[in-house]
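Student: make a model of this:
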Amino acid sequence: MLEDYKKFDKNIPCPVRSVMDRIGDKWAVLVITTLGEKGTTRFNQLHEMIGDISQKMLTVTLKKLEEDGLVSRKMYQEIPPRVEYKLTATGDSLLPHLIGLSEWALANMSVIQKSREEYVIAK
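Tutor: Numbering: from 1, shown residues only. Prediction:
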């Protein structure tokens, strides 16, 4: 199955690269996993939970994830306006894979960091 991505016509964009480009940015995984953990969340709450993301970057990331159908946005006609975000069914189906990747990263970070340090010293 993993070999299937190699069979695409070179003139047709690779679906694996397309998805990885979107979720492989600095913030997408954090946004998706935070929404997966917390459920429906308002913009400011999400901004506080993630911490070091700018409001502009959070807005851009949410728009991209919404465009891909991973996140839904609901705006309430109130003053001040209230906007909530949550994962779609597609976003929910991606969540276990991202959690697995996050757990792998946590389990292997010390080994990776040591390898990076040794690589720098060897160069």
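Student: buried residues in stretch 57-67?
Tutor: 57-58, 61-62, 64-65 (16 or more other CB atoms under 10 Å). Where you see a C-beta, it was placed from the backbone N, CA and C, and this is true even at glycine.
Student: contacts made by that stretch with the rest, please.
Tutor: 22, 25, 27-28, 31-32, 43, 46-47, 50, 53, 71-73, 85, 91 (CB atoms under 8 Å, 6 or more residues apart in numbering).
Student: out of these, list just those in strands.
Tutor: Those of the contacts of stretch 57-67 mapping onto strands are 71-73, 85, per DSSP state E.
Student: can you pick the most crowded of these?
Tutor: Tyr85 (24 neighbours; other CB atoms under 10 Å).
Student: my read: Thr40 touches Arg82, true?
Tutor: No - the criterion here is CB atoms under 8 Å, and Thr40 misses it with Arg82 at 11.2 Å.
Student: ok, back up a step: of all the ones in strands among the contacts of stretch 57-67, which comes closest to Glu118?
Tutor: Val71 (39.3 Å; CB to CB).
Student: what's the helix or strand harbouring Asn108 packed up against?
Tutor: Using DSSP states H and E, Asn108 falls within helix 89-122. Helix 89-122 is packed against helix 28-38, with contacts defined by 3 or more CB pairs under 8 Å, 6 or more residues apart in numbering; DSSP states H and E.
Student: which residue is the nearest non-sequential neighbour of Leu70?
Tutor: Sequence neighbours aside, Gly91 is the residue nearest to Leu70 in space, at 3.8 Å (criterion: CB to CB, 6 or more residues apart in numbering).
Student: export the helix or strand bottoming out on mean pLDDT in the chain to CSV, keeping only CA atoms.
Tutor: Lowest by mean pLDDT, DSSP states H and E among the helices and strands of the chain is helix 15-23, with a mean of 85. Extracted C-alpha coordinates of helix 15-23, given in CSV (Å, rounded to 0.1, in the frame of the first residue of the first chain):
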residue,chain,number,x,y,z
PRO,A,15,-1.6,12.8,-2.7
VAL,A,16,1.0,11.8,0.0
ARG,A,17,3.1,14.9,-0.6
SER,A,18,0.0,17.0,-0.8
VAL,A,19,-1.3,15.9,2.6
MET,A,20,2.2,15.9,4.2
ASP,A,21,2.8,19.5,2.9
ARG,A,22,-0.4,20.6,4.7
ILE,A,23,-0.1,18.7,8.0
